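In: Got a sequence here, can you model it:
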Amino acid sequence: MLLRLTLVIRDKHSTLGTWQGFVQKIVINDKFPVAIGGEHSFTPGVVRAVTERYNDVGVLFLDAHLDFREVYEN
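Out: Numbers count the residues shown, from 1 in each chain. Just a heads-up that it's a prediction; the model follows:
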């Protein structure tokens, strides 16, 4: 099942709440979401919804950016 969320970004709290509500609709039907996005600001809402339903959850981040490097652009 592939669902798409159209998100209007207003403020941090309403955006996280929108994500959380969207994912709650998935996990309530005993489905497990796979969330793919361009950045990680949606992650807390997704994780909150999943951990409300499942007790033992892991998160796998695949990030192409070298955020932890010591030198950035020189």
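In: Relative to residue 59, how far out is the closest residue to residue 28 other than its chain neighbours?
Out: Excluding the flanking residues, the one nearest residue 28 by C-beta to C-beta, 6 or more residues apart in numbering is residue 53, at 7.1 Å. (C-beta placed from N, C-alpha, C; glycine too.) Computed as C-beta to C-beta, to the nearest Å, the residue 53 to residue 59 distance reads 15 Å.
In: in stretch 4-15, what counts as buried?
Out: residue 15 (16 or more other C-beta atoms under 10 Å).
In: Just the CA trace of that stretch, in PDB.
Out: Below are the C-alpha coordinates for stretch 4-15, written out as PDB (Å, rounded to 0.1, in the frame of the first residue of the first chain):
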ATOM      1  CA  ARG A   4       1.100  10.000  -0.200                       C
ATOM      2  CA  LEU A   5       0.900  12.900   2.200                       C
ATOM      3  CA  THR A   6       0.500  16.500   0.900                       C
ATOM      4  CA  LEU A   7       1.900  18.600   3.700                       C
ATOM      5  CA  VAL A   8       1.400  22.400   4.200                       C
ATOM      6  CA  ILE A   9       4.200  23.500   6.500                       C
ATOM      7  CA  ARG A  10       3.000  26.100   9.000                       C
ATOM      8  CA  ASP A  11       4.900  25.600  12.200                       C
ATOM      9  CA  LYS A  12       7.000  22.900  13.800                       C
ATOM     10  CA  HIS A  13       4.300  21.500  16.100                       C
ATOM     11  CA  SER A  14       1.500  21.400  13.600                       C
ATOM     12  CA  THR A  15       3.700  19.800  11.000                       C
END
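In: Quick one: distance of it to the chain centre.
Out: Here stretch 4-15 is found 12 Å from its chain centre; the criterion is C-alpha atoms, centre = their mean, to the nearest Å.
In: which residues sit against it?
Out: For stretch 4-15, contacts defined as C-beta atoms under 8 Å, 6 or more residues apart in numbering pick out 18-19, 22, 41-42, 45.
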